[in-house]
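In: return a 3D structure for these sequence lines:
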Amino acid sequence: QVQLVESGGGLVQAGESLRLSCAASGTIFSINAMAWYRQAPGKQREWVAGITSEGSTNCADSVKGRFTISRDSAKTTVYLQMNRLKPEDTAVYYCNSNLRRSASESYSKTYWGQGTQVTVSS
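Out: Residues are numbered from 1 along each chain as shown. This next block holds a predicted model:
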């Protein structure tokens, strides 16, 4: 089994910061990439930021310069530092990971966390 558990969400005012965490646990052989997505009420889920196994990062234009994705040295926990938050950042934030559970698996699969709510008041 693989679990992704997000934490760090909450209610903040515009201009403040939050740091989200996502810890991957369970039977994991290798992680190809991890990413953050978000889904606002009535909208489709959208990609926010991602980090590859080599450590390359990228983020959506809407958050560039405000959000930063990083990970721990074990490469199983990914963080999303969110600065200068805006009301339009309000959403449920989901973590996902593309990984292989064992060396015998010939292909990787994508797993999702349950999400953490971020609410930014104006």
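
In: tell me which residue lies farthest from the centre of the protein.
Out: Ser104 (27.0 Å; C-alpha atoms, centre = their mean).

In: what's around the residue nearest to Gly55 when sequence neighbours are not counted, how many residues?
Out: Of all residues beyond its chain neighbours, the one nearest Gly55 is Arg71 (7.7 Å), with distances taken as C-beta to C-beta, 6 or more residues apart in numbering. Glycine gets a C-beta too; all of them are placed from N, C-alpha and C. For Arg71, the neighbour count with other C-beta atoms under 10 Å is 18.

In: please shift the residue numbers so they start at 3 in all later answers.
Out: Taking 3 as the first residue, the last one we looked at is Arg73.

In: ok, Arg73 - contacts?
Out: Residues in contact with Arg73 (C-beta atoms under 8 Å, 6 or more residues apart in numbering) are Met36, Ile53, Gly57, Thr79, Val80, Tyr81.
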